[in-house]
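Undergrad: The following comprises the amino acid sequence and a computationally predicted model.
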Amino acid sequence: MTETMRDRLRRIPVFAHVEREDSKDSEPPENPVPTVAEWILAAHEAGQPEPHAMSLCTVNAEGIPSSRVLLVKDIDADRLFFATPSDSRKGIDIASNPHVAAHFHWPVTGRQVRIVGVASGQDRDASERDFAERGRGSRLSAHLHRPGPLPDRRTAFDEFERLDARYPDQVPCPPSWTLYAITPTEVEFWEASVDRVHHRVRYRRDAGGAWRHELLWP
Ligand SMILES: Cc1cc2nc3c(=O)[nH]c(=O)nc-3n(C[C@H](O)[C@H](O)[C@H](O)COP(=O)(O)O)c2cc1C
């Protein structure tokens with residue numbers, strides 16, 4: 001009998017490797033943002049590739065959502081930072097609606113973090129600093145960002161080579177390159193349990209800006 005897609009999906013094991021019982025019993029910290037940074041580093045140490053990859057959901061002027069993956073470039077006490085062209089789809093969405101949702105999932109540690117917040121473009125200096133710290137390939141490829149379709153792959157390779165020859169030393173920061181900060185207003189931590197009694201803690205800012213947290217049913 002042929003195996004259906006439905007059968008194959010339902011046979012994939014889930015949470016089989018999750019053994020950790022640590023943070024479920026500890027008192028949640030006052031500010032959730034540093035914990036996001038700790039969970040990224042814990043996933044990295046546990047072997048998760050690209051543990052700083054975060055999905056970002058934006059909503060356009062017509063109310064249509066779209067999501068994509070980005071690399072988080074920094075986290076301070078209150079904000080997460082990523083960089084992208086301001087004239088990209090996400091940049092245009094944020095310009096008309098700064099409310100965003102972001103999400104991490106680390107299969108190796110059986111954890112996810114959901115974030116709701118407000119995104120804001122940082123000043124030119126901060127964006128140029130971010131650009132200068134990138135590898136050469138990444139800086140050159142930032143110049144490949146164009147609106148509209150690409151006629152064929154060869155055109156992109158040719159353009160990359162042209163840029164490489166044009167900028168043998170310094171690669172200038174494209175005018176649209178922008179470092180964005182997400183200031184979370186809500187952060188939810190989720191940890192898998194093999195017993196399926198998963199652990200959820202949700203933080204929300206109150207009217208005075210202080211973080212409040214509560215446990216949620218699995
Ligand atoms: C692992 C991973 C990391 C990525 N990191 C970035 C990034 O840091 N900045 C960026 O602009 N795009 C990044 N991308 C590409 C985006 O997902 C997306 O395709 C691109 O930015 C265009 O998005 P938009 O059309 O919604 O603006 C990454 C993709 C993947 C899969």
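TA: Looks like it arrived, so ask away. Numbering: from 1, shown residues only.
Undergrad: close enough to count as contact, Val72 and His52?
TA: Yes: under the criterion of Cβ atoms under 8 Å, Val72 makes contact with His52 at 4.5 Å. Where C-beta positions appear, they are placed from N, C-alpha and C, glycine not excepted.
Undergrad: anything in contact with each of those two?
TA: Ile40 (Cβ atoms under 8 Å, 6 or more residues apart in numbering).
Undergrad: residue ranges for the strands of this structure, please.
TA: Ranges of strands within the chain are 53-59, 65-71, 74-75, 80-85, 99-106, 111-121, 177-191, 199-205, 211-216, based on DSSP state E.
Undergrad: what about the spatially most central residue of the chain, distance to Tyr180?
TA: In the chain, the centroid-proximal residue (Cα atoms, centre = their mean) is Met54; its distance is 2.1 Å. Distance from Met54 to Tyr180, counting by Cβ to Cβ, to the nearest Å: 12 Å.
Undergrad: Residues that sit against both of these two, list them.
TA: Among the neighbours of Met54, those also in contact with Tyr180 (Cβ under 8 Å, 6+ apart) are Phe82.
Undergrad: Give me the phi and psi angles of Pro32.
TA: In terms of degrees, to the nearest 10, the main-chain angles of Pro32 are phi -80, psi -20.
Undergrad: How many residues are close by it?
TA: Counted with other Cβ atoms under 10 Å, residues neighbouring Pro32 total 22.
Undergrad: wait, doesn't it sit right on Glu186?
TA: No: between Pro32 and Glu186 there is no contact under Cβ under 8 Å: 9.1 Å.
Undergrad: Between these two, which contacts overlap?
TA: In contact with both Pro32 and Glu186: Tyr203, using Cβ under 8 Å, 6+ apart.
Undergrad: for the ligand, what are the nearby residues on the chain?
TA: Residues of the chain that fall close to the ligand, judged by Cβ under 6 Å from any ligand atom: 50, 53, 66, 68-71, 82-84, 88-90.
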